[in-house]
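K.L.:
Structure of the sequence below:
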Amino acid sequence: MVTTLSADRLADLQDENAEFTLVDTRPADSFESWHISGAVHFPFEPDEDIDGRLEEFEETVGDADRIITTCAKGISSGNLATQLESATDRYDVQTVDGGMKGWSGVYDHVELDVGENLTIVQVQRRAKGCLGYVVGCAESEDAIVVDPTADVDEFVIAAEEAGLSIVGVIDTHVHADHVSGGFDLADRLEVPYYLGEQAADRGVELEYTPLGRNEVLTVGTREVKALSAPGHTSEMINLLVDDRALLTADTLHADSTGRTELEFSEDEGERGARMLYETLHRTVLAQPEGIIVLPGHVTVTAAGEFEHGAPGEPITTTVGAARMGIDLLSLENEAFVDRMADAGEKPSNYEEIIDRNRGVLEIPPEDRVELELGPNNCSA
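P.N.:
Numbers count the residues shown, from 1 in each chain. Sure thing, here's the model as predicted:
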């Protein structure tokens, strides 16, 4: 009988540089648009027979001894693994439980070095590059969670591991690439749920506490200041923590900026791009050079690689490093707007995800992961 492997264990094997060959059985278009790092492609249907294709499979995997199969949900890959085990004793075969759906729920918790009495844990979603945060006071052990995904237990665990208790939850904006867990987490813990004060103009129907421009939340002895940062969305806020770290969400990533046409689609993002230019140059780059920038996403390539850094490592930059290293930030206003007009493929199902995150569309929990499968595509 073929043994299953959890997606978390697959991630561990990757991190350990273990020897295995990962075989993805999905159709070619699905594989080419997004797959796990290091996977090879061998399309195989849920009801297909390996007879007549064994030689082709052997050519695909080369001299591999250990085979791990995966697909969208674990069905076709499980079929392949079962048939391989019966057809040949050449391989040690396992299959990933839940396939890419399971892989979408793999997280890393990375505690950041941000100075004395301030604790920040970056919660990384490995498959999509979503970056959420637990921001806490080491003295009072109070914490807020920023931009949690729907896998809210990951943020509860991250806070517990850091010895912190969650007293509030903030969404920096209405997310378009993934289902937010912000309201659900706040409701579960009976703590305030915060959005920027302009969220009312986005038609948000969830109950939330608005954060005004330059409003300061105290978290124990730490201060979290809400900075208005329109561009990626009209209601976007960035969060300045103790004048040490700036949580920039999709305003500024470690190697790019956020895109602007997901909300501002009527003019291909031009209005948003002009807002974003002002936000970047008047707000973000106006901060001291040494401020640590903590983005809301890192781009995951079609080949499953982080474009900046690696899973389990801090994904950060500084204001000074961003100014010098990101070419978009050196452009004049009109050139910036022109560049932002071509941000590439949009996130999957982004309109439905936005409506769900505004609280105007119900999506059953069992359908959420499938709705948001694929890369985040939030960078310009």
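
K.L.:
any idea how far Ala87 is from the residue of the chain positioned farthest from its centre?
P.N.:
Relative to the C-alpha centroid of the chain, counting by Cα atoms, centre = their mean, Gly52 is the outermost residue, at 40.5 Å. In this view, Gly52 and Ala87 are 11 Å apart by Cβ to Cβ, to the nearest Å. Using the backbone N, CA and C atoms, a C-beta is placed for each residue, glycine as well.

K.L.:
With Leu262 instead?
P.N.:
For Leu262, the distance to Ala87 - Cβ to Cβ - is 47 Å.

K.L.:
Pick out whichever of those two has more residues nearby.
P.N.:
Leu262 (25 against 15; other Cβ atoms under 10 Å).

K.L.:
and the nearest residue to the more buried one once chain neighbours are set aside, what element?
P.N.:
With sequence-adjacent residues excluded and distances taken as Cβ to Cβ, 6 or more residues apart in numbering, Leu262 is closest to Ala176, at 4.6 Å. Assessed by DSSP states H and E, Ala176 sits outside every helix and strand.

K.L.:
so what's Thr221 up against?
P.N.:
Counting by Cβ atoms under 8 Å, 6 or more residues apart in numbering, Thr221 touches 117, 137, 139-140.

K.L.:
In these, which residue is surrounded by the most others?
P.N.:
When neighbours are taken as other Cβ under 10 Å, the top entry among the contacts of Thr221 is Cys137 (21 neighbours).

K.L.:
I figured Asp8 hits Val106, correct?
P.N.:
Yes - between Asp8 and Val106 there is a contact under Cβ atoms under 8 Å: 5.7 Å.

K.L.:
And these two? Which one has more around it.
P.N.:
Taking other Cβ under 10 Å, Asp8 and Val106 do not tie; Val106 has more neighbours (23 against 15).

K.L.:
pLDDT at the more buried one, what is it?
P.N.:
Reading off the confidence values, Val106 has pLDDT 97.

K.L.:
show me the residues around it that make contact.
P.N.:
7-8, 10-11, 125-127.

K.L.:
Nearest to Phe44 among those residues?
P.N.:
Nearest to Phe44, judged by Cβ to Cβ, of those is Leu10 at 18.4 Å.

K.L.:
can you tell me which residues contact Leu22?
P.N.:
Neighbour list for Leu22: 10, 36, 38-40, 68-70 [criterion: Cβ under 8 Å, 6+ apart].

K.L.:
Those residues in helices, which ones?
P.N.:
Applying DSSP state H to the contacts of Leu22, the entries found in helices are Leu10.

K.L.:
Show me how to select, in PyMOL, the buried members of the contacts of Leu22.
P.N.:
Of the contacts of Leu22, the buried ones can be selected in PyMOL as follows, counting by 16 or more other Cβ atoms under 10 Å:
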select buried, resi 10+36+39+68+69+70
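
K.L.:
Tell me which two of the contacts of Leu22 sit farthest apart.
P.N.:
Largest separation among these by Cβ to Cβ: Leu10 and Val40, giving 14.5 Å.

K.L.:
ranges for the strands of the stretch 51-200 of the chain?
P.N.:
66-70, 92-96, 107-112, 118-125, 131-137, 142-146, 165-170, 193-196 (DSSP state E, counting those that start in this stretch).

K.L.:
Show me what counts as buried in stretch 365-380.
P.N.:
Under the neighbour-count criterion of 16+ other Cβ under 10 Å, stretch 365-380 has 368-369, 371-380 buried.

K.L.:
can you list the domains in the chain?
P.N.:
According to automatic domain parsing, the chain comprises the domains 3-102, 106-371.

K.L.:
how far does the longest one stretch from start to finish?
P.N.:
Counting by Cα to Cα, to the nearest Å, you get 17 Å between the two ends of domain 106-371.
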